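Chemist: here's my sequence, what's the structure:
(one chain, ligands or ions: 1)
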Amino acid sequence: MDCPLINSCPFFNDKLKDMPSMSNIYKRNYCKKDYIRCARYLVSTTIGKENVPLDIFPNHEGKAKEIIKNFKKQFLLILIKIIVSNNKQY
Ligand code: SF4
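Modeler: Here you go, the predicted structure:
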């Protein structure tokens, strides 16, 4: 089954500056088949497509998990700062 992001994905549509030499194999194995495992899909559907780096490819699952972890950490820090700031006002 095709990835639901296939029409707008810069990787699938060869819009990235440095496409890997194995891009056609990745397209076949991820974009046209097992997109749930794709690093770009994972980041896009978890924290938003605006947070998908240009240099991440479908097989970079570890990198995707790291990006998501760091994003959540930053989000929590901001949330804590807001809560602390609001508590000081009372
Ligand atoms: S599987 Fe990944 S690389 Fe392929 S179209 Fe979907 S998001 Fe893009």
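
Chemist: for residue 20, which residues are in contact?
Modeler: Residues near residue 20 by CB atoms under 8 Å, 6 or more residues apart in numbering: 26, 57. Glycine gets a C-beta too; all of them are placed from N, C-alpha and C.

Chemist: any idea how far the ligand is from it?
Modeler: Distance, residue 20 to the ligand, using CB to the nearest ligand atom, to the nearest Å: 11 Å.

Chemist: next up, phi/psi of that residue, please.
Modeler: phi -70, psi 150 (degrees, to the nearest 10).

Chemist: for residue 33, which non-adjacent residue is closest in space?
Modeler: Residue nearest to residue 33 in three dimensions, not counting chain neighbours: residue 1, with 7.5 Å by CB to CB, 6 or more residues apart in numbering.

Chemist: show me where the protein has its helices.
Modeler: In the chain, the helices defined using DSSP state H lie at 23-26, 39-47, 61-88.

Chemist: where does pLDDT dip in this structure?
Modeler: The chain contains residues with pLDDT under 70 at 90.

Chemist: how about the residues of it near the ligand?
Modeler: Residues of the chain found near the ligand (CB under 6 Å from any ligand atom) are 3, 5-6, 9, 11-12, 30-31, 35, 38, 40-41, 58.
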